[in-house]
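Trainee: The following comprises the amino acid sequence and a computationally predicted model.
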Amino acid sequence: MASTEHQLYDTPAAIVLQLFIHSLRGEKERAHSLYAKFTSATTTDAFDDSDFDGVYQLAGRDAVTHVQRDEHATASAFRRANLLAGIWLESSGGGDDDAVPLELERVEYLFERAFIDMNVHDPERLSYLRVLEDVGFRKHNAYLSDGPSVEFSRQHVRVCRQLLRTLQHLESRGMIASDSEAFTSAEVLRWMLEDDVLDGSEFVLHHYVIEQLDGIHSTLLLFLSDFHELNDREDAENYVARLRAVDAKLARADRMIEQQAEAGVLPPRFALDKVLQSIETIVASGVEGCALSSTFVDKASAFAADLVPVVHTLVRTVVLPAYERLAACVRAVADKYATDDAGVWKLPHGERFYAHCLRHQTTTTMTPAEIHALGLRRVAAIHDAMRKVIVEQLGEPADTDPMVFMRRLNDAKTDERLFYADTPEQREQCLNDFRALVAESEALVAPLFDVRPKQPLVIKRVPSHMEPGAPAAFYYEPSLDGKRDGQFFVNLADMGAIQKYEMRTLTAHEGVPGHHFQLSIAVEQKAMPAFRRSPSGFTAYLEGCTLCARPNALSQVARSHSHTLNSRT
């Protein structure tokens, strides 16, 4: 059965939205039943209004009233539901100034609608979250997101503006009690929406499309190689479809980079050099050496061997040429516009953007000057704590400068007690040592935490194409469906940059009990609104929590490890 009206991912919008709602509510049986009915039915008469109760609840009273008018009375329940889904999608993408608040019966419906509206048009985000796969729907996994583009960002602003006005409307109706858990969720949602509206309205061009840490050149490959599932034939066919879309995706990136550069928004030259180094690594890897080829061969050959040549052809004719064009674009704007100036002060309205970024990262109303002064005080306190360890435990003179001492250690790269040799065997040993530290940390914190993550933590090497610009380590939380484990990535490009005495601290921060406990446990809170289970933008909370975890979890062992010089700071 097919319908050409109001489609999402080549599927009637009512089906996708109802499946999304079932997933958020943990109604797996209802979701599977609905999707099975849709895929097997030959006529829309198989459905009734109760099949789409969630769509009716979240679409808003005005939209429901519209589809219940006389002119729609003789339409099938399926057609009315899909008309309602179309009104939903059109209203959430309304104009900047005509966003009408929704009439919803419960504030919880707003929380569900907010998560759906902020994610349903972003197939890459949906694949990362895995919110639909668990109820049997995977068609979005054949698409790449429409960004980066100014219109993609502005569409998000329009969605957020309507949700914000709806939240304000529900408050005016007295629907959010100040002593309820819903009040906390409402305040979190308000902050997210206001922040996104300001960001997308005033600073739509200010976020670099291309930079050494999280530029599209590296995140796209990481997404396809690590977060696109490859478990069966459908996954493999979706992967091929996404490879076909890489050219258009990177063409949008080219245009956005040029727009940004012309507006005076471009990373400093040293960052662009690292970007080009990374892209050159991707292109030089060739067809079979490209991560997108090797990933497919490793994961999908058993059930999609006939698609391996197709993947190789697409990498050769679509992916690598698109990356070569991206490199040419970066070189062109670098030659024309790049400087050595680093810092957002150089951007248009840089001072205001800097203040906005600080608020976005911290949620505080402190001024940049106040935060800078606080930072200076904290750095001085950290240096005092480091000096205490260096003097009392290592016998250094009392006037030792901690940073001079650390530089002296970092220069001793031939000391096998402190560093690994630059060999494949030592790289594997480093990963194994991180795994051992995770196991040790898990045993250590067992008596300290009565709630622990259900998902295990996987230690992985940063892909080679990301290594030039990647940090020492980073973490990705599990998916909402619990099918993807927490992932702790380690950068092994320069073994001289990995100090053994810092590995315990790094493990506590990125892994156990740091981000892995923090974010994995958040994902598991199924009674909490989904937008709070997968937090983004709350950097002070995300990083501050791990900073608190480090000294508390490690104080019991720090004294027994002679190379854990700064674990307690």
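Mentor: On my side now, so go ahead. No experiment lies behind these values; they were computed from the predicted model shown.

Trainee: Residue 202: neighbour count?
Mentor: 13 (other Cβ atoms under 10 Å). Any C-beta I mention is one placed from the backbone N, CA and C, and that applies to glycine too.

Trainee: Over to the closest residue to residue 441 other than its chain neighbours: give its phi and psi.
Mentor: Leaving aside its chain neighbours, residue 441 sits nearest to residue 512 (4.1 Å; criterion: Cβ to Cβ, 6 or more residues apart in numbering). Dihedral pair for residue 512: phi -110, psi 120, per degrees, to the nearest 10.

Trainee: quick one, what contacts residue 512?
Mentor: Counting by Cβ atoms under 8 Å, 6 or more residues apart in numbering, residue 512 touches 438, 441-442, 445, 457, 553.

Trainee: buried sites along the top helix by length along the chain?
Mentor: Identified as the longest helix of the chain according to DSSP state H is helix 368-394. Buried positions in helix 368-394, judged by neighbour count with 16 or more other Cβ atoms under 10 Å: 386-387, 389-391.

Trainee: Now render the residues you listed as CSV, adding distance to residue 348.
Mentor: Output for the buried residues of helix 368-394, formatted as CSV (distance: Cβ to Cβ, whole Å):
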residue, distance to residue 348
386, 40
387, 43
389, 45
390, 45
391, 48
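
Trainee: Which pair of the residues you listed spans the longest distance?
Mentor: 386 and 391 (9.6 Å; Cβ to Cβ).

Trainee: and the gap between residue 502 and residue 23?
Mentor: 40 Å (Cβ to Cβ, to the nearest Å).

Trainee: Between these two, which is the more surrounded one?
Mentor: Ranked by neighbour count (other Cβ under 10 Å), residue 502 and residue 23 place residue 23 first, with 24 against 20.

Trainee: Excluding covalently adjacent residues, which one is nearest to that one?
Mentor: residue 135 (4.8 Å).

Trainee: Over to the nearest residue to residue 455 once chain neighbours are set aside. Which of the three states is it?
Mentor: Using Cβ to Cβ, 6+ apart and skipping residues adjacent in sequence, the residue nearest residue 455 is residue 478, 4.3 Å away. With DSSP: H, G, I helix; E, B strand; the rest coil as the basis, residue 478 sits in coil.

Trainee: Residue 478 touches residue 521, doesn't it?
Mentor: No. In this structure, residue 478 is not within contact of residue 521 by Cβ atoms under 8 Å, at 10.1 Å.

Trainee: Need the residues touching each of these two.
Mentor: residue 453.

Trainee: With neighbour numbers in mind, choose between these two.
Mentor: Legend: neighbour count by other Cβ under 10 Å for residue 478 and residue 521, higher for residue 478 (25 against 18).

Trainee: Contacts only, for the more buried one.
Mentor: 453, 455, 484-486, 519-520, 523.

Trainee: and if we set it to 7 Å?
Mentor: Residue 478 sits next to 455, 484-486, 520, 523 when contact means Cβ atoms under 7 Å, 6 or more residues apart in numbering.

Trainee: What pLDDT is listed against the residue nearest to residue 441?
Mentor: Residue 512 is assigned a pLDDT of 93 by the prediction.

Trainee: how close does it get to residue 480?
Mentor: 21 Å.

Trainee: Please apply the same query to residue 360.
Mentor: 24 Å.

Trainee: So which of those two has more stuff around it?
Mentor: residue 480 (22 against 18).

Trainee: I'd assumed residue 130 was in contact with that one.
Mentor: Yes. Contact criterion Cβ atoms under 7 Å: residue 480 and residue 130 qualify, at 5.9 Å.

Trainee: which ones are touching the residue nearest to residue 23?
Mentor: 19, 22-23, 28, 31-32, 35.

Trainee: backbone phi and psi for it, please?
Mentor: Torsion angles, degrees, to the nearest 10, at residue 135: phi -110, psi 20.

Trainee: From what I see, residue 138 and residue 234 are in contact.
Mentor: Yes. Between residue 138 and residue 234 a contact is recorded at 6.0 Å, counting by Cβ under 7 Å.

Trainee: between the two, who's got more neighbours?
Mentor: residue 138 (20 against 15).

Trainee: Can you tell me the SS state at residue 474?
Mentor: Under three-state DSSP, residue 474 comes out as strand.

Trainee: Among the contacts of residue 478, which one sits closest to residue 212?
Mentor: residue 486 (24.5 Å).

Trainee: sorry, back to before: just the buried subset of the contacts of residue 478, please.
Mentor: Those of these that meet the buried threshold are 455, 484-486, 520, 523, by 16+ other Cβ under 10 Å.

Trainee: from the residues you listed, which ones fall inside helices?
Mentor: Those of those mapping onto helices are 520, 523, per DSSP H.

Trainee: could you dump the buried ones among the contacts of residue 478 to TSV with pLDDT and distance to residue 202?
Mentor: Output for the buried ones among the contacts of residue 478, formatted as TSV (pLDDT from 0 to 100; distance: Cβ to Cβ, whole Å):
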residue	pLDDT	distance to residue 202
455	92	38
484	92	35
485	94	38
486	95	35
520	93	35
523	92	32
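
Trainee: hey, where'd the helices end up in the stretch 1-150 of the chain?
Mentor: Per DSSP state H, counting those that start in this stretch, the stretch 1-150 of the chain carries helices over the ranges 13-24, 28-40, 53-59, 61-67, 77-92, 107-119, 123-129, 150-172.
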